[in-house]
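Undergrad: sharing a sequence plus its predicted fold:
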Amino acid sequence: MSAYSNGISVGVIGTGGMGTRHAETLSATVSGARVAGVTDLDRSRAEKLAADCGSDVMVFENEQSLIRDDGIDVVVITTPDDAHAGLVMECLQHDKPVFCEKPLATTVDDARKIVNAEVELGRKLVQVGFMRRYDPQHLDVKRAIDSGAIGHPVLLKGTHRNTGARPGTSSESILVNSAVHDLDAARWIIGQEIVEVYVHGTNTPAASDGEVLDLQVIQLTLSGGCLANIEVYVNAGYGYEVDLEVVGDAGTIRVAPANAPVLRKQRYAGYPIEGDWLERFPAAYVLEMQRWIEDLRDGRLTGPDAWDGYISLLVAESCIAALHFGSKEPFESPRRPELYL
Ligand code: ISE
């Protein structure tokens, strides 16, 4: 019997682009869930989203009052990155399942504290927003690899381009905020752990800050011998693109363009390119929320968990060392607690 007999009441913390997308998906598309409360430092933004999601959505004074409220069953966190870990910990203290946008934390220590707290509780309550795992095009690639269609994977080629860097972007935050997606995707899609990292960066003319290494090339070695070469460029200018190809010893497979047909006309063939992740991953965000709600109802979370969030940050930390010292950094995954096996 599900613990949620009247559907699941969700509280959303943070009502910017990502919070708005999740709240709208939960109230308009996902069955078995409703947005019951929202909060944001910008109260008028929270009030607007509450009104858009229904007439009975509460606007909470702050995050703590939302997390503690008995009318909120589960929490979605989409605040700026540095608030994630503290809010996840508060959810765990109140025994509330929580979906936290990536990164799980901004430091490895904070992410480990979350893992330790969950292990102490003895059950998984945390899911991390690695939405590429729900993207139909990425799932096609994963299924092909798992079926053996390309033989043994020997190389992953990844491209991750943002139209422009957010204000305040640093060389390190590119690894913690953007490249964590690629680090998680490499582990997930190949099904191997990362054992070595090397990162090379440059400051491109498009960067507004002359210090920031806004184009980084990450090279990984995975535990089964597969190599990865991943470009993360946050000032690409022309649009937003995430591309991934896996080369195997019997063929290669590459994600298809997501949202547009290919136009051929007057000696030209092409398709439009999205401006950001909200435009590129609409299907993934819906499937991610739908599955999270179903899993909560079934009492068994199957999405990327606190361990995945922690490992992606540990690898990002090794990437930062590699970037600073120009060295190849060996990476050894810590022992995975039984809860995450
Ligand atoms: C952003 O926060 C995301 O999560 C996007 O998916 C990623 O592409 C972008 O680089 C991040 O800043």
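TA: Ah, there it is. Numbers count the residues shown, from 1 in each chain.
Undergrad: leaving out chain neighbours, which residue sits closest to A258?
TA: Sequence neighbours aside, Q137 is the residue nearest to A258 in space, at 5.5 Å (criterion: CB to CB, 6 or more residues apart in numbering). For the C-beta atoms, the positions are set from N, CA and C on the backbone; glycine is no exception.
Undergrad: nope, E294 is what I meant
TA: G32 (7.3 Å).
Undergrad: number of residues surrounding that neighbour?
TA: For G32, the neighbour count with other CB atoms under 10 Å is 15.
Undergrad: got it, and R335?
TA: 6.
Undergrad: what pLDDT does it get?
TA: R335 is assigned a predicted lDDT (pLDDT) of 97.
Undergrad: check contacts around the closest residue to the ligand within the stretch 151-300 of the chain.
TA: Per CB to the nearest ligand atom, S178 is where the stretch 151-300 of the chain lies closest to the ligand, at 3.3 Å. With contacts defined as CB atoms under 8 Å, 6 or more residues apart in numbering, S178 is in contact with 160, 162, 232, 234.
Undergrad: now L301: how far from I320?
TA: Between L301 and I320 the distance, using CB to CB, to the nearest Å, works out to 29 Å.
Undergrad: so where does V195 fall, helix or strand?
TA: Secondary structure from DSSP states H and E places V195 in strand 194-202.
Undergrad: mind listing what's buried in that strand?
TA: Within strand 194-202, the residues scored as buried using 16 or more other CB atoms under 10 Å are 194, 196-199, 201.
Undergrad: which other residues reach that strand?
TA: Residues outside strand 194-202 that contact it (CB under 8 Å, 6+ apart) are 171, 175, 183, 186-187, 213-223, 315, 318-319, 322-323, 326-333.
Undergrad: 6 Å instead, please
TA: Strand 194-202 is contacted from outside by 213, 215-223, 315, 318-319, 322-323, 328-331, using CB atoms under 6 Å, 6 or more residues apart in numbering.
Undergrad: which ones among the residues you listed are found in strands?
TA: Under the assignment DSSP state E, those contribute 215-222, 329-330 to strands.
Undergrad: which parts of the stretch 151-300 of the chain sit against the ligand?
TA: Taking CB under 6 Å from any ligand atom as the contact definition, the stretch 151-300 of the chain meets the ligand at 162, 177-178, 181, 277.
Undergrad: check for me that the residue nearest to A258 belongs to a helix.
TA: Yes: under DSSP: H, G, I helix; E, B strand; the rest coil, Q137 sits within a helix.
Undergrad: mean confidence for stretch 259-278?
TA: Here the average pLDDT along stretch 259-278 is 92.
Undergrad: repeat that for stretch 87-106.
TA: Stretch 87-106 carries an average pLDDT of 98.
Undergrad: just to check, E241 is in contact with N162?
TA: No: at 8.9 Å, E241 and N162 do not qualify as touching, with contact defined as CB atoms under 6 Å.
Undergrad: which one in this protein is furthest away from the centre?
TA: Using CA atoms, centre = their mean, the residue of the chain lying farthest from its centre is Q266. It sits 39.4 Å away.
Undergrad: and it, what does it touch?
TA: So Q266 contacts nothing (CB under 6 Å, 6+ apart).
Undergrad: please shift the residue numbers so they start at 9 in all later answers.
TA: All set: I'll call the first residue 9, so the last point we hit is now Q274.
Undergrad: so what's the closest residue to L147 other than its chain neighbours scoring on pLDDT?
TA: Sequence neighbours aside, R141 is the residue nearest to L147 in space, at 7.8 Å (criterion: CB to CB, 6+ apart). We note a pLDDT of 98 for R141 in this prediction.
Undergrad: quick one: contacts for A268?
TA: By CB under 6 Å, 6+ apart, the contact set of A268 is 279-280.
Undergrad: how many other residues sit next to T212?
TA: If you count neighbours by other CB under 10 Å, T212 ends up with 15.
Undergrad: hang on, it packs against V220?
TA: No: using CB under 6 Å, T212 is not in contact with V220, being 9.3 Å away.
Undergrad: might you report the residue contacts of the closest residue to the ligand within the stretch 9-158 of the chain?
TA: Closest contact between the stretch 9-158 of the chain and the ligand, by CB to the nearest ligand atom, is at K110 (6.1 Å). Contact analysis of K110 by CB under 6 Å, 6+ apart lists 136-138, 188.
Undergrad: give me that answer again for 10 Å
TA: Residues in contact with K110 (CB atoms under 10 Å, 6 or more residues apart in numbering) are 89, 92, 136-139, 184-186, 188-189, 192, 312, 316-317, 320-321.
Undergrad: how far away is it from R308?
TA: As judged by CB to CB, K110 and R308 stand 22 Å apart.
Undergrad: hmm, back to that, now the two most distant members of the ones in strands among the contacts of strand 202-210.
TA: Maximum pairwise distance among the ones in strands among the contacts of strand 202-210 (CB to CB): 24.7 Å, between L223 and P338.
Undergrad: more crowded one of these two?
TA: Neighbours per residue (other CB under 10 Å) separate L223 from P338, with L223 holding more: 20 against 10.
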